[in-house]
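Novice: turn this into a model:
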Amino acid sequence: MAWSEAIPIPVEFEKQFVFSDQGQFHPSQYLYGIAAAFEKEGGTIVQDCRITGFDEKESLEIKSSMGVIKRLHSFMQPIFRRC
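Specialist: Next up, the predicted model:
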């Protein structure tokens, strides 16, 4: 840890610490990793498909702009849209 006289954004400050070798989080890389793991396990990612509702009864029924998706297991998986 060290003191710094400047920061990389235009914001007023009085004191600043610099922590070298911090971990970094890249949201898009994280989501692509989750999407790849989902597809590897047999999942399908559908683009340009809006979820409009769902009913959770004996099976899960997801209503979308592309029709109705039915699933035997009653749990929601995250739905990712790649941009």
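Novice: make it CA atoms for all contacts and neighbour counts henceforth
Specialist: OK.
Novice: in the protein, which residue is most central in space?
Specialist: Nearest residue to the geometric centre of the chain (CA atoms, centre = their mean): residue 31, 4.6 Å.
Novice: helix, strand or coil: sort out that one for me.
Specialist: Under DSSP: H, G, I helix; E, B strand; the rest coil, residue 31 falls in the helix class.
Novice: okay, it and residue 45: tell me how far apart.
Specialist: Distance of residue 31 to residue 45, computed by CA to CA, to the nearest Å: 12 Å.
Novice: confidence score at the residue nearest to the centre of the chain?
Specialist: Residue 31 is assigned a pLDDT of 91 by the prediction.
Novice: repeat that for residue 7.
Specialist: The model's pLDDT for residue 7 equals 78.
Novice: ok, now residue 25?
Specialist: What the model reports for residue 25 is a pLDDT of 83.
Novice: just the strands in this protein please.
Specialist: Shown for the chain, the strands assigned by DSSP state E span residues 2-3, 17-18, 51-56, 60-64, 67-71.
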